[in-house]
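[1] Sequence first, then the predicted structure:
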Amino acid sequence: MSQSDEPIIICRDVNKWYGNFHALKGINMEVRKGEVIVIFGPSGSGKSTFIRTINRLEEHQKGQIIVDGIELTHDVRNIEAIRMETGMVFQQFNLFPHLTVLQNIALAPIQVRKWDKEKAEETARQLLERVGIPEQADKFPGQLSGGQQQRVAIARAMAMEPKILLFDEPTSALDPEMIKEVLDVMIGLAKSGMTMLVVTHEMGFARAVADRMFFFDYGQIVESGKPEEIFNNPREDRTKLFLSQILTH
Amino acid sequence: MSQATDSLPPLTERFTVLGWLRKNLFNTWPNSLLSVLAILFVYWAGKGLLTWIFTVAEWNVVAVNLRLFMIGQYPADQAWRLWIGMYFLAFLIGNSLAIWAPHSRAWTISLFVLPILLAILPFSPIVRLEILGFSLLGAIGWFLGRSQLSGLRRIVVIGWIIFLPVFVLLIHGLTGENGSMPVVRTNVWGGLLLTFLLTVSGIFFSFPLGVLLALGRRSNLPIVRWFSIGYIELVRGVPLITILFMAQLMLPLFLPANITVDRVLRAMVGIIMFSAAYLAENVRGGLQAIPKGQFEAAHALGFGGAQTMLFIILPQALRLVIPILVGQFISLFKDTSLVAIVGLFDLLGIAKTVLAQPEFLGLQREVYAFISLIYWILSYVMSYLSQRLEVTLGVGQR
């Protein structure tokens, strides 16, 4: 894997409150280029909130987030610059239902990156090829299965040629037989050297490609480490308990 | 376990008239009773209506005043300008039908056949030719639309957008008294022509204005939001007729004596302002129905606020509210008849002047039946077009 030592994401003491609820309690994390990070933990532990602060879908109220050398502040230009470098894949796909698959993928490169239409559509077709559904280009999202929709969503995020991909529980809304087709695409991406932050409970995926794993609970990082450390001898009792719950059913 | 190969074809039922009647009208005895009563009622009402239409009613009042009903006092020797405007419209309709509704034969055929049927009525030969021109231009537009020329769609859309300005320019005129297109003052614009103009300008201008107000109401900028809320709530709290009275009677009192604003223009502006406020609320309903995930996905891809609205949110929101908007446009069309009360001669205003002529006293039923028919036909066409639009745009709906 093409890792380097230079961190592309730096989070220092990131805090967030919803009203009085302290959702993120001083998160520190550094991610190097090409790393695949898996974030897991019980629901309500703040893992989705954290990943969404990285592209400012959620605002952090204290601490520092620096993505690719740009600090996230209230400055709209910084936010837009960071969003152009980070792609995101959502639990509910969030494809644009009024556009065809091809338009879904090509719209942002055309309008945001100002590519010409031919180049954007050519890239979109290549991406569809890569996620394995080139024949669906002219259908609408509503005509596809959940797994196909999520693969389109991955292609759409990649079309902006981001340096980082964020996955917010990408397989949680899928029927079991469709999870594999999405995970296969993600494993392919991970092996190609993409920097990825993945919130997921798919421990098979984590074991296969994660460089490091972070266990979140109550808005904090309880434990982090390489997959083999986390799976084989977790240090914290909460990690042990959670892993036993999700691995033994 | 039964295999896929065991699947049977669906059960078919042979259709017979008697079978249909028994199944739908006479399946139980209360239903039979209702059917008999309903048939008797339809017979009684239908017989009365048809007798009135064909033997009692004096349709002469419509035939004699047809020009008034259609264009009011508009000078007869300048009516060719209206025909040109109508031919432009026929061309656009033919074109659009071929492009967007290629399978709706009934409507395409009616575009050609209805004018021909109209021309059979006892008009002078010149009028007949003028009416047939409508069929001809519609047909030309249709075949051009069928030809699948590249870029045609864009041209047709532009055609629809410039239709209103071109039409107004045609009927208003360009040159002085002696030129080829002398100016025709708006006080002689009337009849269906005026109704049509008020409606089309109402739709054409209140739509963008209403969308802007709807966006303004959801804006993060407090001044814009307060202005939009204030405008919408103020206008929605007032009946249209009072706005029209304000525009016709009060406005001149506030303006300096030497400044006069055209009366038709004042009515148009009143209708546009009124319609925009309602449209804004309808569009806001559509905007609120768009899930938060759509905004998030757009933002995550790097779209700014305006781009998100333009490319992602508005297209979906407007599609959701098409039926509501068309309903609003239909009622706008009918509400234009209120200008008759403030003294303009739209279709209803002309009807009242026709009934005031001594030789046509007491023919209210004929005159109002006639204009009701016109209102109904045009409203129904709008309603049908909205259904087509929904089907055409509905592909890929969730």
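    In hand now; what should we look at?
[2] Is residue B:97 in contact with residue B:145, as I believe?
    Yes: under the criterion of Cβ atoms under 8 Å, residue B:97 makes contact with residue B:145 at 7.0 Å. The C-beta positions use only the backbone N, C-alpha and C, and glycine is treated the same way.
[3] Compare these two (neighbour count), which wins?
    The neighbour comparison of residue B:97 against residue B:145 (other Cβ atoms under 10 Å in any protein chain shown) goes to residue B:145, with 25 against 22.
[4] what's the pLDDT at that one?
    pLDDT for residue B:145: 86.
[5] Could you report the distance from the spatially closest residue to residue A:67 that is not a sequence neighbour to residue A:113?
    Once flanking residues are discounted, residue A:67 sits nearest to residue A:82: 4.8 Å by Cβ to Cβ, 6 or more residues apart in numbering or on different chains. Going from residue A:82 to residue A:113 by Cβ to Cβ, to the nearest Å gives 15 Å.
[6] Could you report the neighbour count for the residue nearest to residue A:67?
    23.
[7] Checking my notes, it in a strand, right?
    No: if the criterion is DSSP: H, G, I helix; E, B strand; the rest coil, then residue A:82 is helix and not within a strand.
[8] Tell me who's in contact with it.
    By Cβ atoms under 8 Å, 6 or more residues apart in numbering or on different chains, the residues touching residue A:82 are A:55-56, A:67-68, A:70, A:72.
[9] quick one, phi psi at the residue in chain A positioned nearest to chain B?
    Residue nearest to chain B within chain A: residue A:140 (2.5 Å; Cβ to the nearest Cβ). With angles defined as degrees, to the nearest 10, residue A:140 sits at phi -100, psi 150.
[10] got the contact list for the helix or strand harbouring residue A:152?
    Using DSSP states H and E, residue A:152 sits within helix A:146-159. Surrounding helix A:146-159, the residues in contact under the criterion Cβ under 8 Å, 6+ apart are A:87-90, A:93-95, A:101, A:104-106, A:108-109, A:120, A:123-124, A:127-128, A:130-133, A:136, A:141, A:144, A:165, A:170-171, A:173-175, A:178-179, A:181-182, A:185-186, A:189, B:300-301.
[11] Heading C-terminal from that helix, find the next helix or strand.
    With secondary structure assigned by DSSP H and E, helix A:146-159 is succeeded by strand A:164-168.
[12] Just give me how far whichever helix or strand comes after that following strand sits from the chain centre.
    Heading C-terminal from strand A:164-168, the first helix or strand you meet, by DSSP H and E, is helix A:176-191. How far helix A:176-191 lies from its chain's middle: 13 Å, per Cα atoms, centre = their mean, to the nearest Å.
[13] Then stretch A:140-157?
    For stretch A:140-157, the distance to the chain centre is 16 Å (Cα atoms, centre = their mean).
[14] Then stretch B:74-93?
    18 Å.
[15] Can you name the residues that contact residue 239?
    Answering for chain A, as no chain was given. A:215, A:222-223, A:230 are the contacts of residue A:239 under Cβ under 8 Å, 6+ apart.
[16] How is chain B partitioned into domains?
    Following automatic domain parsing, one finds the domains of chain B at B:16-56, B:75-183.
[17] Now render the contacts of residue A:82 as JSON lines, adding neighbour count.
    Below are the contacts of residue A:82 laid out as JSON lines (neighbours: other Cβ atoms under 10 Å in any protein chain shown):
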{"residue": "A:55", "neighbour count": "26"}
{"residue": "A:56", "neighbour count": "22"}
{"residue": "A:67", "neighbour count": "24"}
{"residue": "A:68", "neighbour count": "18"}
{"residue": "A:70", "neighbour count": "15"}
{"residue": "A:72", "neighbour count": "22"}
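[18] among those residues, which are in helices?
    If you go by DSSP state H, those have nothing in helices.
[19] from those, which two are the most distant?
    A:56 and A:68 (13.5 Å; Cβ to Cβ).
[20] what sits against residue A:46?
    So residue A:46 contacts A:16, A:23-25, A:27, A:216, A:218-220 (Cβ under 8 Å, 6+ apart).
[21] moving C-terminal of the lowest-mean-pLDDT helix or strand in chain B, what's the next helix or strand?
    Least confident element among the helices and strands of chain B, by mean pLDDT, DSSP states H and E: helix B:251-254 (a mean of 80). Counting by DSSP H and E, the element after helix B:251-254 in chain order, helix or strand, is helix B:263-288.
[22] for that next one, what is the average pLDDT?
    The model assigns helix B:263-288 a mean pLDDT of 94.
[23] Spell out whether that helix and chain A are in contact.
    No: legend: contact between helix B:263-288 and chain A by Cβ under 8 Å from any Cβ of the partner chain is lacking; minimum distance shown is 12.2 Å.
[24] From residue B:377, how far off is residue A:200?
    Taken as Cβ to Cβ, the span from residue A:200 to residue B:377 is 60 Å.
[25] Please say which of the two ends up with more neighbours.
    residue A:200 (21 against 10).
[26] Isn't the more buried one up against residue A:174?
    No: using Cβ under 8 Å, residue A:200 is not in contact with residue A:174, being 11.5 Å away.
[27] From residue A:196, how far off is residue B:358?
    88 Å.
[28] Neighbour count for those two, which is higher?
    Each of residue B:358 and residue A:196 has its neighbours counted (other Cβ under 10 Å); residue A:196 has more, 23 against 5.
[29] Which SSE is immediately downstream of the helix or strand harbouring that one?
    In this assignment (DSSP H and E), residue A:196 forms part of strand A:195-199. Following strand A:195-199 in sequence order, the next helix or strand is helix A:203-209 (DSSP H and E).
[30] pull the CA atoms of that next one into PDB?
    The C-alpha trace of helix A:203-209 is given here as PDB (Å, rounded to 0.1, in the frame of the first residue of the first chain):
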ATOM      1  CA  MET A 203     -15.600  -6.700  10.600                       C
ATOM      2  CA  GLY A 204     -14.700  -8.900   7.700                       C
ATOM      3  CA  PHE A 205     -14.000  -5.800   5.700                       C
ATOM      4  CA  ALA A 206     -12.000  -4.400   8.600                       C
ATOM      5  CA  ARG A 207      -9.900  -7.500   8.900                       C
ATOM      6  CA  ALA A 208      -9.200  -7.600   5.200                       C
ATOM      7  CA  VAL A 209      -8.100  -4.100   4.400                       C
END
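[31] Can you list the buried residues in it?
    For helix A:203-209, a neighbour-count test (16 or more other Cβ atoms under 10 Å in any protein chain shown) marks A:203, A:205-206, A:209 as buried.
[32] How about stretch A:49-63?
    For stretch A:49-63, burial by neighbour count (16+ other Cβ under 10 Å) applies to A:49-58, A:60, A:63.
[33] do stretch B:376-396 as well
    Quick answer for stretch B:376-396 (16+ other Cβ under 10 Å): B:378-379, B:382, B:385-386, B:389, B:396.
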